[in-house]
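[1] no sequence on hand, only this structure:
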(Lines give C-alpha, C1' and ligand atoms only; values in the text may rest on other atoms or scores of the structure.)
Protein backbone atom coordinates (compact mmCIF):
# COMPACT_ATOMS: atom_id res chain seq x y z
CA UNK A 1 0.00 0.00 0.00
CA UNK A 2 1.39 3.39 -0.98
CA UNK A 3 1.77 6.14 1.58
CA UNK A 4 2.29 9.86 1.04
CA UNK A 5 2.31 12.52 3.73
CA UNK A 6 1.09 16.10 3.63
CA UNK A 7 1.84 17.83 6.86
CA UNK A 8 0.60 15.61 9.67
CA UNK A 9 -2.04 13.84 7.56
CA UNK A 10 -1.08 10.46 6.10
CA UNK A 11 -2.63 9.65 2.76
CA UNK A 12 -3.23 5.94 2.13
CA UNK A 13 -3.99 4.56 -1.31
CA UNK A 14 -3.85 1.37 -3.31
CA UNK A 15 -3.30 0.73 -7.04
CA UNK A 16 -7.04 0.03 -7.31
CA UNK A 17 -7.75 3.52 -5.98
CA UNK A 18 -5.43 5.06 -8.59
CA UNK A 19 -7.02 3.11 -11.44
CA UNK A 20 -10.47 4.21 -10.29
CA UNK A 21 -9.49 7.90 -10.28
CA UNK A 22 -7.67 7.61 -13.62
CA UNK A 23 -10.80 6.15 -15.22
CA UNK A 24 -12.87 8.98 -13.77
CA UNK A 25 -10.43 11.54 -15.23
CA UNK A 26 -10.44 9.82 -18.63
CA UNK A 27 -14.22 9.93 -18.65
CA UNK A 28 -14.13 13.61 -17.63
CA UNK A 29 -11.63 14.43 -20.37
CA UNK A 30 -13.85 12.80 -22.98
CA UNK A 31 -16.81 14.86 -21.82
CA UNK A 32 -14.73 18.06 -21.92
CA UNK A 33 -13.62 17.40 -25.49
CA UNK A 34 -17.24 17.69 -26.62
CA UNK A 35 -17.80 21.06 -24.93
CA UNK A 36 -16.18 24.45 -24.62
CA UNK A 37 -14.48 23.21 -21.46
CA UNK A 38 -11.86 21.47 -23.64
CA UNK A 39 -9.85 24.70 -23.69
CA UNK A 40 -9.64 24.78 -19.92
CA UNK A 41 -6.73 23.02 -18.21
CA UNK A 42 -7.40 19.61 -16.65
CA UNK A 43 -7.87 19.76 -12.88
CA UNK A 44 -6.35 16.88 -10.90
CA UNK A 45 -7.73 18.02 -7.56
CA UNK A 46 -10.92 16.13 -6.79
CA UNK A 47 -12.88 15.74 -3.57
CA UNK A 48 -15.96 14.19 -5.07
CA UNK A 49 -15.58 10.90 -3.21
CA UNK A 50 -13.53 9.17 -0.53
CA UNK A 51 -11.40 7.21 -3.03
CA UNK A 52 -10.27 10.35 -4.86
CA UNK A 53 -9.44 12.10 -1.60
CA UNK A 54 -7.09 9.25 -0.66
CA UNK A 55 -4.89 9.67 -3.74
CA UNK A 56 -2.61 12.77 -3.88
CA UNK A 57 -3.30 15.02 -6.92
CA UNK A 58 0.40 15.03 -7.80
CA UNK A 59 0.41 11.25 -8.05
CA UNK A 60 -2.70 11.25 -10.23
CA UNK A 61 -1.32 13.97 -12.52
CA UNK A 62 2.01 12.17 -12.98
CA UNK A 63 0.47 8.84 -13.93
CA UNK A 64 -2.37 10.37 -15.97
CA UNK A 65 0.13 12.24 -18.18
CA UNK A 66 2.06 8.97 -18.66
CA UNK A 67 -1.08 7.31 -19.99
CA UNK A 68 -1.43 4.68 -17.25
CA UNK A 69 -4.89 3.11 -17.25
CA UNK A 70 -4.60 -0.40 -15.77
CA UNK A 71 -3.55 -1.84 -12.43
CA UNK A 72 -0.62 -3.67 -14.03
CA UNK A 73 0.84 -0.38 -15.28
CA UNK A 74 0.83 1.21 -11.83
CA UNK A 75 4.34 0.98 -10.36
CA UNK A 76 4.56 -0.85 -7.04
CA UNK A 77 4.76 1.77 -4.23
CA UNK A 78 8.02 2.07 -2.33
CA UNK A 79 11.53 1.15 -3.42
CA UNK A 80 12.11 -1.29 -6.26
CA UNK A 81 11.72 -4.92 -5.22
CA UNK A 82 14.46 -7.52 -5.22
CA UNK A 83 12.71 -9.40 -8.03
CA UNK A 84 10.26 -8.30 -10.66
CA UNK A 85 6.78 -9.80 -10.64
CA UNK A 86 7.71 -12.02 -13.60
CA UNK A 87 10.82 -13.28 -11.82
CA UNK A 88 8.83 -14.03 -8.66
CA UNK A 89 6.34 -16.01 -10.72
CA UNK A 90 9.15 -18.11 -12.18
CA UNK A 91 10.60 -18.61 -8.69
CA UNK A 92 7.27 -19.81 -7.29
CA UNK A 93 6.82 -22.22 -10.22
CA UNK A 94 10.31 -23.61 -9.61
CA UNK A 95 9.63 -24.15 -5.88
CA UNK A 96 6.40 -26.02 -6.63
CA UNK A 97 8.08 -27.97 -9.43
CA UNK A 98 10.83 -29.23 -7.10
CA UNK A 99 8.31 -30.17 -4.41
CA UNK A 100 6.29 -32.22 -6.91
CA UNK A 101 9.49 -34.05 -7.91
CA UNK A 102 9.99 -34.88 -4.18
CA UNK A 103 13.09 -32.71 -4.06
CA UNK A 104 11.81 -29.75 -2.00
CA UNK A 105 14.02 -26.70 -1.66
CA UNK A 106 15.15 -24.87 1.47
CA UNK A 107 15.33 -21.15 2.15
CA UNK A 108 19.05 -21.34 1.41
CA UNK A 109 18.28 -22.87 -2.01
CA UNK A 110 15.84 -20.06 -2.74
CA UNK A 111 18.39 -17.43 -1.65
CA UNK A 112 20.95 -18.92 -4.06
CA UNK A 113 18.46 -18.80 -6.91
CA UNK A 114 17.65 -15.16 -6.16
CA UNK A 115 21.36 -14.34 -6.09
CA UNK A 116 21.59 -15.95 -9.52
CA UNK A 117 18.65 -13.83 -10.74
CA UNK A 118 19.85 -10.42 -9.62
CA UNK A 119 23.06 -10.84 -7.60
CA UNK A 120 21.38 -9.63 -4.39
CA UNK A 121 21.11 -11.16 -0.93
CA UNK A 122 17.72 -11.52 0.77
CA UNK A 123 16.84 -11.12 4.44
CA UNK A 124 14.38 -12.75 6.82
CA UNK A 125 12.06 -9.80 6.24
CA UNK A 126 12.10 -10.47 2.49
CA UNK A 127 11.16 -14.11 3.08
CA UNK A 128 8.34 -13.09 5.42
CA UNK A 129 6.94 -10.70 2.81
CA UNK A 130 7.51 -13.25 0.03
CA UNK A 131 5.38 -15.85 1.85
CA UNK A 132 2.74 -13.19 2.50
CA UNK A 133 2.60 -12.38 -1.24
CA UNK A 134 2.35 -16.07 -2.15
CA UNK A 135 0.13 -17.86 0.40
CA UNK A 136 0.34 -21.04 -1.68
CA UNK A 137 3.82 -21.49 -0.15
CA UNK A 138 4.74 -22.30 3.44
CA UNK A 139 7.63 -23.75 5.42
CA UNK A 140 7.12 -27.47 5.99
CA UNK A 141 9.07 -30.39 7.42
CA UNK A 142 9.52 -32.99 4.63
CA UNK A 143 8.76 -36.64 5.26
CA UNK A 144 11.38 -39.13 4.07
CA UNK A 145 10.24 -41.54 1.38
CA UNK A 146 12.34 -44.58 0.53
CA UNK A 147 13.29 -44.99 -3.10
CA UNK A 148 11.72 -48.46 -3.19
CA UNK A 149 8.39 -47.07 -1.98
CA UNK A 150 8.58 -44.18 -4.43
CA UNK A 151 9.23 -46.54 -7.34
CA UNK A 152 6.56 -49.08 -6.35
CA UNK A 153 3.80 -46.58 -5.56
CA UNK A 154 3.17 -45.57 -9.15
CA UNK A 155 -0.18 -44.69 -10.63
CA UNK A 156 -0.08 -47.79 -12.84
CA UNK A 157 0.61 -50.24 -9.98
CA UNK A 158 -2.06 -48.76 -7.71
CA UNK A 159 -4.66 -48.70 -10.48
CA UNK A 160 -3.85 -52.30 -11.46
CA UNK A 161 -4.25 -53.55 -7.87
CA UNK A 162 -7.56 -51.72 -7.45
CA UNK A 163 -9.06 -52.93 -10.71
CA UNK A 164 -7.58 -56.45 -10.98
CA UNK A 165 -7.43 -57.48 -7.31
CA UNK A 166 -9.41 -55.41 -4.82
CA UNK A 167 -12.50 -54.67 -6.93
CA UNK A 168 -12.62 -58.26 -8.18
CA UNK A 169 -12.45 -59.60 -4.61
CA UNK A 170 -15.33 -57.37 -3.51
CA UNK A 171 -17.39 -58.45 -6.51
CA UNK A 172 -16.89 -62.18 -5.87
CA UNK A 173 -18.16 -62.10 -2.29
CA UNK A 174 -20.40 -59.71 -0.41
CA UNK A 175 -18.18 -59.04 2.59
CA UNK A 176 -19.88 -57.80 5.71
CA UNK A 177 -16.73 -56.21 7.14
CA UNK A 178 -13.40 -55.11 5.71
CA UNK A 179 -10.47 -55.01 8.12
CA UNK A 180 -6.99 -53.60 7.72
CA UNK A 181 -4.20 -55.20 9.77
CA UNK A 182 -0.71 -53.77 10.10
CA UNK A 183 2.23 -53.44 12.48
CA UNK A 184 4.25 -50.44 13.51
CA UNK A 185 7.25 -49.98 15.78
CA UNK A 186 7.73 -47.67 18.75
CA UNK A 187 10.62 -47.21 21.17
CA UNK A 188 10.68 -47.21 24.96
CA UNK A 189 12.35 -43.81 24.66
CA UNK A 190 10.50 -42.09 21.78
CA UNK A 191 12.26 -39.18 20.14
CA UNK A 192 10.57 -35.87 20.90
CA UNK A 193 13.09 -33.64 19.15
CA UNK A 194 10.44 -31.80 17.09
CA UNK A 195 8.26 -31.06 20.12
CA UNK A 196 8.65 -27.48 21.36
CA UNK A 197 8.69 -26.79 25.09
CA UNK A 198 8.43 -23.65 27.22
CA UNK A 199 11.61 -22.68 29.12
CA UNK A 200 13.60 -19.66 30.28
CA UNK A 201 14.35 -17.18 27.54
CA UNK A 202 18.06 -17.03 26.69
CA UNK A 203 18.91 -20.42 28.20
CA UNK A 204 21.89 -21.95 26.41
CA UNK A 205 20.33 -25.41 26.37
CA UNK A 206 16.99 -26.95 27.36
CA UNK A 207 17.43 -30.59 28.33
CA UNK A 208 14.89 -33.38 28.66
CA UNK A 209 15.55 -36.46 30.74
CA UNK A 210 16.03 -39.52 28.57
CA UNK A 211 15.08 -43.02 29.61
CA UNK A 212 18.23 -44.27 27.93
CA UNK A 213 16.56 -47.35 26.48
CA UNK A 214 15.75 -47.48 22.77
CA UNK A 215 14.36 -51.02 22.92
CA UNK A 216 11.91 -51.69 20.11
CA UNK A 217 8.24 -52.63 20.59
CA UNK A 218 5.93 -53.82 17.80
CA UNK A 219 2.28 -52.78 17.89
CA UNK A 220 -0.21 -54.90 15.92
CA UNK A 221 -3.58 -53.26 15.18
CA UNK A 222 -6.62 -54.14 13.08
CA UNK A 223 -9.37 -51.66 12.17
CA UNK A 224 -12.56 -52.08 10.18
CA UNK A 225 -14.56 -50.03 7.72
CA UNK A 226 -17.31 -49.90 10.37
CA UNK A 227 -15.09 -47.75 12.60
CA UNK A 228 -14.29 -50.54 15.04
CA UNK A 229 -11.00 -52.17 16.03
CA UNK A 230 -9.85 -55.61 17.15
CA UNK A 231 -7.89 -56.13 20.38
CA UNK A 232 -4.29 -55.09 19.72
CA UNK A 233 -1.11 -57.07 20.34
CA UNK A 234 2.13 -55.64 21.73
CA UNK A 235 5.33 -57.55 20.96
CA UNK A 236 8.29 -57.03 23.30
CA UNK A 237 11.79 -58.46 23.33
CA UNK A 238 12.40 -61.53 25.46
CA UNK A 239 12.32 -65.30 25.65
CA UNK A 240 9.72 -66.14 28.30
CA UNK A 241 6.09 -66.38 27.25
CA UNK A 242 3.48 -64.01 28.65
CA UNK A 243 0.32 -65.43 30.21
CA UNK A 244 -3.04 -63.83 30.97
CA UNK A 245 -2.01 -63.06 34.53
CA UNK A 246 0.92 -60.96 33.30
CA UNK A 247 -1.39 -59.09 30.94
CA UNK A 248 -3.77 -58.33 33.79
CA UNK A 249 -0.91 -57.06 35.97
CA UNK A 250 0.11 -54.74 33.15
CA UNK A 251 -3.24 -52.99 33.37
CA UNK A 252 -4.48 -54.06 29.93
CA UNK A 253 -7.95 -55.40 29.12
CA UNK A 254 -8.14 -59.17 29.17
CA UNK A 255 -8.68 -59.44 25.41
CA UNK A 256 -5.46 -57.56 24.62
CA UNK A 257 -2.29 -59.53 24.04
CA UNK A 258 1.40 -59.26 24.91
CA UNK A 259 3.72 -61.42 22.83
CA UNK A 260 7.44 -62.05 23.25
CA UNK A 261 9.97 -62.67 20.49
CA UNK A 262 13.77 -62.55 20.50
CA UNK A 263 13.81 -59.47 18.26
CA UNK A 264 10.49 -57.83 19.25
CA UNK A 265 9.46 -58.14 15.59
CA UNK A 266 6.50 -60.22 14.48
CA UNK A 267 7.22 -63.75 13.25
CA UNK A 268 5.14 -66.58 11.80
CA UNK A 269 3.99 -68.18 15.09
CA UNK A 270 3.19 -64.77 16.58
CA UNK A 271 1.12 -63.82 13.54
CA UNK A 272 -0.79 -67.10 13.75
CA UNK A 273 -1.51 -66.42 17.41
CA UNK A 274 -2.79 -62.95 16.58
CA UNK A 275 -4.92 -64.24 13.70
CA UNK A 276 -6.62 -66.89 15.87
CA UNK A 277 -7.38 -64.30 18.54
CA UNK A 278 -8.68 -61.97 15.83
CA UNK A 279 -11.05 -64.64 14.49
CA UNK A 280 -12.35 -65.34 18.02
CA UNK A 281 -13.11 -61.62 18.36
CA UNK A 282 -15.31 -61.57 15.24
CA UNK A 283 -19.07 -61.89 15.58
CA UNK A 284 -21.43 -63.57 13.08
CA UNK A 285 -22.42 -60.09 11.89
CA UNK A 286 -18.78 -59.43 10.92
CA UNK A 287 -18.61 -62.38 8.53
CA UNK A 288 -17.74 -62.91 5.80
CA UNK A 289 -14.66 -60.83 6.57
CA UNK A 290 -11.93 -59.47 4.31
CA UNK A 291 -8.59 -58.57 5.92
CA UNK A 292 -6.30 -56.32 3.86
CA UNK A 293 -2.63 -56.42 4.87
CA UNK A 294 0.87 -56.10 3.46
CA UNK A 295 2.60 -59.09 1.91
CA UNK A 296 5.20 -59.57 4.66
CA UNK A 297 6.64 -63.07 4.65
CA UNK A 298 5.14 -63.83 8.08
CA UNK A 299 1.63 -63.25 6.66
CA UNK A 300 1.94 -65.40 3.54
CA UNK A 301 1.57 -68.99 4.66
CA UNK A 302 -0.62 -71.47 2.72
CA UNK A 303 -1.71 -73.32 5.86
CA UNK A 304 -2.70 -70.08 7.56
CA UNK A 305 -4.57 -68.86 4.48
CA UNK A 306 -6.53 -72.11 4.24
CA UNK A 307 -7.42 -72.10 7.94
CA UNK A 308 -8.60 -68.47 7.77
CA UNK A 309 -10.73 -69.18 4.68
CA UNK A 310 -12.41 -72.04 6.59
CA UNK A 311 -13.37 -69.45 9.24
CA UNK A 312 -14.97 -67.26 6.53
CA UNK A 313 -12.04 -64.83 6.75
CA UNK A 314 -10.15 -64.00 3.55
CA UNK A 315 -6.70 -62.38 3.55
CA UNK A 316 -5.90 -59.95 0.73
CA UNK A 317 -2.35 -58.70 0.24
CA UNK A 318 -1.22 -55.27 -0.94
CA UNK A 319 1.48 -54.68 -3.56
CA UNK A 320 4.98 -54.41 -2.13
CA UNK A 321 6.05 -51.01 -0.76
CA UNK A 322 2.59 -49.41 -0.99
CA UNK A 323 1.56 -49.45 2.67
CA UNK A 324 2.01 -45.69 2.96
CA UNK A 325 -0.65 -45.24 0.28
CA UNK A 326 -3.11 -48.13 0.70
CA UNK A 327 -3.06 -49.00 4.41
CA UNK A 328 -5.71 -47.11 6.42
CA UNK A 329 -3.66 -47.71 9.57
CA UNK A 330 -0.58 -46.10 8.04
CA UNK A 331 -2.53 -43.19 6.60
CA UNK A 332 -4.95 -42.33 9.41
CA UNK A 333 -4.02 -44.02 12.69
CA UNK A 334 -0.34 -44.77 13.29
CA UNK A 335 0.73 -41.11 13.06
CA UNK A 336 -1.62 -39.98 15.86
CA UNK A 337 -0.77 -43.18 17.76
CA UNK A 338 2.95 -42.43 17.86
CA UNK A 339 2.38 -38.81 18.87
CA UNK A 340 0.05 -39.85 21.67
CA UNK A 341 2.51 -42.54 22.80
CA UNK A 342 5.37 -40.04 22.96
CA UNK A 343 3.23 -37.64 25.00
CA UNK A 344 2.23 -40.44 27.38
CA UNK A 345 5.86 -41.47 27.95
CA UNK A 346 6.85 -37.85 28.65
CA UNK A 347 3.95 -37.51 31.07
CA UNK A 348 5.00 -40.61 32.99
CA UNK A 349 8.65 -39.60 33.23
CA UNK A 350 7.73 -36.06 34.31
CA UNK A 351 5.00 -36.83 36.87
CA UNK A 352 6.51 -40.01 38.34
CA UNK A 353 10.17 -38.86 38.16
CA UNK A 354 11.46 -42.15 36.76
CA UNK A 355 14.53 -42.84 34.65
CA UNK A 356 13.44 -46.34 33.59
CA UNK A 357 10.03 -47.72 32.71
CA UNK A 358 8.45 -50.81 34.18
CA UNK A 359 6.38 -53.05 31.94
CA UNK A 360 3.21 -51.79 33.62
CA UNK A 361 4.15 -48.16 32.86
CA UNK A 362 5.04 -49.04 29.28
CA UNK A 363 1.75 -50.83 28.73
CA UNK A 364 -0.12 -47.93 30.30
CA UNK A 365 1.47 -45.56 27.76
CA UNK A 366 0.56 -47.91 24.90
CA UNK A 367 -3.04 -48.17 26.12
CA UNK A 368 -3.28 -44.37 26.39
CA UNK A 369 -2.00 -44.01 22.83
CA UNK A 370 -4.44 -46.65 21.57
CA UNK A 371 -7.42 -44.99 23.24
CA UNK A 372 -6.50 -41.55 21.85
CA UNK A 373 -5.55 -42.57 18.30
CA UNK A 374 -7.58 -45.65 17.35
CA UNK A 375 -10.87 -43.75 17.22
CA UNK A 376 -13.82 -44.09 14.84
CA UNK A 377 -12.97 -40.71 13.30
CA UNK A 378 -9.33 -41.63 12.56
CA UNK A 379 -10.36 -45.07 11.31
CA UNK A 380 -12.96 -43.62 8.94
CA UNK A 381 -10.46 -41.01 7.71
CA UNK A 382 -7.88 -43.73 7.00
CA UNK A 383 -10.27 -45.88 4.98
CA UNK A 384 -11.57 -42.87 3.06
CA UNK A 385 -8.10 -41.46 2.27
CA UNK A 386 -6.90 -44.78 0.85
CA UNK A 387 -10.05 -45.30 -1.20
CA UNK A 388 -10.67 -48.74 0.31
CA UNK A 389 -14.01 -47.67 1.77
CA UNK A 390 -16.04 -46.15 0.31
CA UNK A 391 -14.46 -47.63 -2.80
CA UNK A 392 -12.82 -44.73 -4.63
CA UNK A 393 -9.65 -45.25 -6.64
CA UNK A 394 -9.33 -41.52 -7.26
CA UNK A 395 -8.80 -41.01 -3.53
CA UNK A 396 -5.77 -43.29 -3.57
CA UNK A 397 -4.40 -41.81 -6.77
CA UNK A 398 -4.79 -38.30 -5.39
CA UNK A 399 -2.32 -38.82 -2.54
CA UNK A 400 0.94 -36.88 -2.53
CA UNK A 401 2.92 -40.15 -2.56
CA UNK A 402 1.72 -41.42 -5.93
CA UNK A 403 4.43 -41.02 -8.54
CA UNK A 404 3.12 -39.61 -11.79
CA UNK A 405 -0.43 -39.09 -10.52
CA UNK A 406 -0.30 -35.34 -10.12
CA UNK A 407 1.68 -32.26 -11.06
CA UNK A 408 1.07 -28.71 -10.01
CA UNK A 409 -1.19 -26.75 -12.40
CA UNK A 410 0.19 -26.41 -15.90
CA UNK A 411 2.97 -28.98 -15.43
CA UNK A 412 1.32 -32.33 -16.20
CA UNK A 413 3.73 -34.47 -18.16
CA UNK A 414 2.32 -36.04 -21.34
CA UNK A 415 3.01 -39.73 -21.80
CA UNK A 416 6.62 -40.36 -22.70
CA UNK A 417 7.65 -36.72 -22.26
CA UNK A 418 9.60 -34.91 -19.59
CA UNK A 419 8.35 -32.04 -17.46
CA UNK A 420 10.45 -28.97 -18.22
CA UNK A 421 11.98 -27.13 -15.28
CA UNK A 422 10.47 -23.59 -15.21
CA UNK A 423 13.96 -22.14 -14.54
CA UNK A 424 15.23 -23.69 -17.76
CA UNK A 425 12.28 -22.26 -19.69
CA UNK A 426 13.21 -18.70 -18.78
CA UNK A 427 16.98 -19.03 -19.20
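    Thanks, I have it. These numbers were taken from a predicted model, which means no experiment stands behind them.

[2] check residue 251 and give its pLDDT.
    You'll see residue 251 listed with a pLDDT of 81.

[3] mind checking what secondary structure it has?
    At residue 251 the chain is in coil, as set by DSSP: H, G, I helix; E, B strand; the rest coil.

[4] before we move on, what about residue 316?
    strand.

[5] now it: how far from residue 169?
    6 Å (CB to CB, to the nearest Å). Heads up, the C-betas are built off the backbone N, CA and C, glycines and all.

[6] out of these two, which sits in the more crowded spot?
    The neighbour comparison of residue 316 against residue 169 (other CB atoms under 10 Å) goes to residue 316, with 18 against 15.

[7] got a list of what the more buried one touches?
    Neighbouring residues of residue 316 by CB atoms under 8 Å, 6 or more residues apart in numbering: 165-166, 169, 290-293.

[8] just the pLDDT for the closest residue to residue 392 other than its chain neighbours.
    The shortest distance from residue 392 to any non-neighbouring residue, by CB to CB, 6 or more residues apart in numbering, is to residue 384 (7.7 Å). Model confidence at residue 384, given as pLDDT, is 95.

[9] and residue 384, what element?
    helix 376-386 (DSSP states H and E).

[10] helix or strand right after that helix?
    Following helix 376-386 in sequence, per DSSP H and E, is helix 393-397.

[11] quick revisit: who wins on neighbours among the contacts of residue 316?
    residue 292 (26 neighbours).

[12] contacts only, for that one.
    So residue 292 contacts 166, 178-181, 316-318, 326-327, 388 (CB under 8 Å, 6+ apart).

[13] just to revisit the earlier point, ok, and what's touching the helix holding residue 384?
    178, 180, 223-225, 227-229, 325-333, 336, 389-390, 392, 395-396, 399.

[14] buried ones in it, by neighbour count?
    Applying a neighbour-count criterion of 16 or more other CB atoms under 10 Å, one finds 378-386 buried in helix 376-386.

[15] and those residues, which two are furthest apart?
    Across those, the longest distance by CB to CB is 12.7 Å; it joins 378 and 386.

[16] in the stretch 201-350 of the chain, which spans are helices?
    Secondary structure of the stretch 201-350 of the chain (DSSP state H, counting those that start in this stretch): helices located at 244-249, 268-281, 302-310, 323-326, 328, 334-351.

[17] output these as TSV; include the columns distance to residue 219 and mean neighbour count.
    Below are the helices of the stretch 201-350 of the chain laid out as TSV (distance: least, CB to CB, whole Å; neighbours: other CB atoms under 10 Å):
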stretch	distance to residue 219	mean neighbour count
helix 244-249	15	12
helix 268-281	11	17
helix 302-310	21	13
helix 323-326	14	23
helix 328	15	28
helix 334-351	7	18
